[in-house]
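Colleague: Please find the sequence and the predicted model below.
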Amino acid sequence: MTHPDPSGRDQPLEQLQHVSATARVPDSIGRGMFATGAIVQHGANEYTLDFVQSLAPPSRVAARVNLPPAVAGQFVIALDQAIDTFAATFGQPPREPQAQPSSPAAGAGGADRPSAASPAAGPPDAPAPVPPQPISEAYDSLKLPDDMLGGVYANMVSISNTGSEFCFDFIAQLFPRSVVTARVYMAAPRVPELLASLKRSIAGG
């Protein structure tokens, strides 16, 4: 934590150490969005997470979040730890049946090397997963509303969970008040694939 000088110039930085616990949650964000998977893309300056709902056709992007590279790396570390804590409390998240190729789940792709959304992992004796489809084809089958094209910005992620699902609060931690810009819920079995997708994207960056 910084120590404020007499001029008070460091005070905003010190305040920012505490605002994450009191981030404002707009009414339109508080109810959250449920996602069955995610597509991860990256460019030189940001990682884009498209959280997808594939419960009924057409599949749609429920939330698009843009993270700075450093925050994406911190998210990976925190999510890894959260999954370990979940496993210690509730056991390993159960694996879901293999998804159909037409149902985007979670995948990783770079802006210059696009790849597809990969299906959720199946049980050990299940057939090998279907190879990822090109990311352009994945988006051909997705509905992406115009008002979501730019996504929202976050430079902090708060993770919580119950025995069945995880909640991600994406936060824009800015002075004078932090705000939750997106709240996403995912079933616990889907979260390890999100982590794997983030790791692949960062490793490929």
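Modeller: That came through, no problem.
Colleague: Could you point out the longest helix of this structure?
Modeller: Longest helix in the chain, counting residues (DSSP state H): helix 69-90.
Colleague: Contacts for that one, please.
Modeller: 42, 45-47, 67, 93, 154-157, 159, 161, 163, 166, 188, 191-192, 194-195, 198-199, 201-202, 205 (Cβ atoms under 8 Å, 6 or more residues apart in numbering). Bear in mind the C-beta positions are built from the backbone N, C-alpha and C, glycine included.
Colleague: those strands in this protein, which residues are they?
Modeller: 33-35, 37-42, 47-53, 59-67, 106-110, 117-118, 142-143, 152-153, 156-161, 165-172, 179-187 (DSSP state E).
Colleague: For the first one, what is the distance to the chain centroid?
Modeller: The one in question is strand 33-35. The chain centre lies 11 Å from the centre of strand 33-35; the measure is Cα atoms, centre = their mean, to the nearest Å.
Colleague: Just give me the neighbour total for Gln92.
Modeller: The number of residues packed near Gln92 is 12, by other Cβ atoms under 10 Å.
Colleague: Would you single out the least confident of the strands of the chain?
Modeller: Within the strands of the chain, confidence is poorest for strand 117-118, with a mean of 40 (mean pLDDT).
Colleague: tell me which residues in the longest helix of the chain are buried?
Modeller: For helix 69-90, the neighbour count (16 or more other Cβ atoms under 10 Å) marks Val71, Ala72, Gly73, Phe75, Val76, Leu79, Ala82, Ile83, Phe86 as buried.
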